[in-house]
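Chemist: could you work out the structure for the sequence below:
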Amino acid sequence: MSDFPEVTYSVDFAVRRRGRLENPAARQLGEPAEGFIPRVARLLALAIRLEGLIRKQTIADYAELARRGRVSRPRMTQIMKLLDLAPDLQEQILFLPPLPRLNERNLRPIVGCIDWHQQRHLFEELISRLDKSGKSA
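Modeler: Okay, here's the model as predicted:
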């Protein structure tokens, strides 16, 4: 038994037709379709899962992850860098309701900051800025 707790998530992906969710009325009202999980939350959950595979030595390194996932090594690094966020920020992202324009790219400057207190401050600013721009749109 490992000393690290294993986290399991069940994901229900919405059925898409011609690039739109099956329930377009819900999307127009700004409410997520039932079972909708933001992409950034799915990427973070993936990073957590992949890190677990590396710790268990099921997969050797990020290069092998990139090959198996058919993505570039830099993209794999971008995804795995989400694990550098403060644990409470990771939890917020995993359980945050969908927020327009919150994505991995917006989190890169925060991930690049080593100080967790500074990360929290930057994250609050980002959420506030995205929330204001979402209300004005």
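
Chemist: following the chain past the lowest-mean-pLDDT helix or strand in the chain, name the next helix or strand.
Modeler: Within the chain, no helix or strand scores below helix 24-28, which has a mean of 43 by mean pLDDT, DSSP states H and E. Once the chain leaves helix 24-28, the next helix or strand it forms, by DSSP states H and E, is helix 39-55.

Chemist: off-centre distance for that next one?
Modeler: With C-alpha atoms, centre = their mean, to the nearest Å as the basis, helix 39-55 stands 8 Å off its chain's centre.

Chemist: in terms of secondary structure, what does it contact?
Modeler: The helices and strands touching helix 39-55, judged by 3 or more C-beta pairs under 8 Å, 6 or more residues apart in numbering; DSSP states H and E, are helix 62-69, helix 73-80, helix 87-95, helix 104-111. Placement of C-beta: from N, CA and C, glycine included.

Chemist: again, only this time at 7 Å
Modeler: If you count contacts as 3 or more C-beta pairs under 7 Å, 6 or more residues apart in numbering; DSSP states H and E, helix 39-55 packs onto helix 73-80, helix 87-95, helix 104-111.

Chemist: distance of Gly69 from Ala47?
Modeler: Distance from Gly69 to Ala47, counting by C-beta to C-beta, to the nearest Å: 11 Å.

Chemist: tell me where the model's unsure across the chain.
Modeler: 1-2, 4, 9-35, 134-137 (pLDDT under 70).

Chemist: 90 instead, please
Modeler: In the predicted model of the chain, residues 1-38, 60, 69, 95-102, 130-137 satisfy pLDDT under 90.

Chemist: neighbours around the residue nearest to Ile48 when sequence neighbours are not counted, how many?
Modeler: In this structure, Ile48 finds its nearest non-sequential neighbour in Val7, 6.4 Å apart by C-beta to C-beta, 6 or more residues apart in numbering. When neighbours are counted by other C-beta atoms under 10 Å, Val7 registers 10.

Chemist: which residues touch the longest helix along the chain?
Modeler: Looking across the chain with DSSP state H, the single longest helix is helix 116-136. Contacts with helix 116-136, where a contact means C-beta atoms under 7 Å, 6 or more residues apart in numbering, come from 85-86, 89, 99-102, 106, 109-110, 113.

Chemist: understood, closing this out.
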